[in-house]
Each structure stands twice: as C-alpha cells, then as structure tokens.
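K.L.:
When you get a sec, could you give me coordinates for this:
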Amino acid sequence: MLYESLRKELRSRKYRMTAQREIVLKVFAESGERHLGAEDVYRKLLEKRYRISKATVYRTVELLSKLGFLRRLEFGEGVYRYELATPDAETVHQHVICRNCGELLEIDEQLVKQLVKNVEKQTGYVVTDYDVKFFGLCPKCQSKNKSKADESE
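P.N.:
Just a heads-up that it's a prediction; the model follows:
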C-alpha cells in the first residue's frame, strides 16, 4: 500500500519510481519507531549490501520528505531526522530528548493536547499546529552524572 501510494504520487509529479527510492522508503518502513537521519539510512543500506551513493540517499530522503511520505524532525543536534509520515493527524507525536546521549522518547499525545488547550485558554489563540520538544537528561544519564559526582566527593 505504501509503495503504491508513493508510485502514484511520484507519477502525478512526473517522477519515476526508482529502485533506490523504493529501498530508501523500505528502510523507513522497516525501522519501526526509530527516527533516522539520511546518514543512518545510508549505513543501513550498506549493511544490507546495497550499492547506492550517499548523495542518492540524501536526495531521496529529501524528495520523500517534500512529497509528504517522511516527516522531517529537528532535535537540536544539527541534523534532520525523519520518520514515516501518516495522513492520520492523530499519529503526530511529540518528543522528549536527552541532551547527553540523544535518546528520544515519544510523549503521550493526550498530555500535549492538554498543554495546547491550556495555551489556547490563556492566550485566546486557536492553535492550528504545534511541534513540542522537551530536552533534559534521561534516567541513565542522570545516574551516570550522579555516580561521577559521588566519586569526586
């Protein structure tokens, strides 16, 4: 279904469905909940012994994002990460990111919706779109930092 949608969208915009575009999309489809950068996709394809240039992967990821098949995310690392985009707005999700190790977790959307309602109530705005990211230290990094502090005492 996903590949057929891509094929249709590419055709409607006068692009061809190439093998490279299909395998890049397949990497995202198989990645589950992971948020991949173009470099991650390139490494996965090399691991699977696909012969594809890094430039082709980067161009393909950008094209898939532009066409709406991938959602581009920026987590303050200086690189974009991507995930499969779905037409269902309910599947959009927000993140909490560890500033130390980069681990990221998706936040329960109901918590974020309540935050949005509070913002609307306090400001009088009608929020039509949002992108919420929380940054901090994950439990593992907090533990490591506590251990280092204990050792230095």
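K.L.:
do you know how far Asp108 is from Leu115?
P.N.:
Going from Asp108 to Leu115 by C-beta to C-beta, to the nearest Å gives 11 Å. Glycine gets a C-beta too; all of them are placed from N, C-alpha and C.
K.L.:
So between these two, which is more surrounded?
P.N.:
Taking other C-beta atoms under 10 Å, Asp108 and Leu115 do not tie; Leu115 has more neighbours (15 against 11).
K.L.:
Enumerate every residue touching the residue nearest to Asn145 when sequence neighbours are not counted.
P.N.:
Taking C-beta to C-beta, 6 or more residues apart in numbering as the measure, Asn145 lies nearest to Leu137, with 6.9 Å between them; neighbours along the chain are not counted. Taking C-beta atoms under 8 Å, 6 or more residues apart in numbering, we find Leu137 in contact with 98-100, 145.
K.L.:
With respect to Arg71, which of these is nearest?
P.N.:
Sorting these by distance to Arg71 puts Cys98 at the head of the list, at 20.8 Å, by C-beta to C-beta.
K.L.:
could you dump stretch 113-127 to CSV, C-alpha only?
P.N.:
C-alpha atoms of stretch 113-127 as CSV (Å, rounded to 0.1, in the frame of the first residue of the first chain):
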residue,chain,number,x,y,z
LYS,A,113,-3.2,18.1,23.8
GLN,A,114,-4.0,19.2,27.3
LEU,A,115,-1.0,21.6,27.2
VAL,A,116,-2.3,23.0,23.9
LYS,A,117,-5.8,23.5,25.4
ASN,A,118,-4.2,25.4,28.3
VAL,A,119,-2.2,27.6,25.9
GLU,A,120,-5.4,28.4,24.0
LYS,A,121,-7.3,29.2,27.2
GLN,A,122,-4.6,31.5,28.5
THR,A,123,-3.8,33.3,25.2
GLY,A,124,-7.1,33.3,23.3
TYR,A,125,-5.4,31.8,20.3
VAL,A,126,-6.8,28.9,18.3
VAL,A,127,-3.7,26.7,17.9
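K.L.:
Quickly list the domain ranges of this structure.
P.N.:
Domain assignment of the chain by automatic domain parsing yields the ranges 2-84, 89-152.
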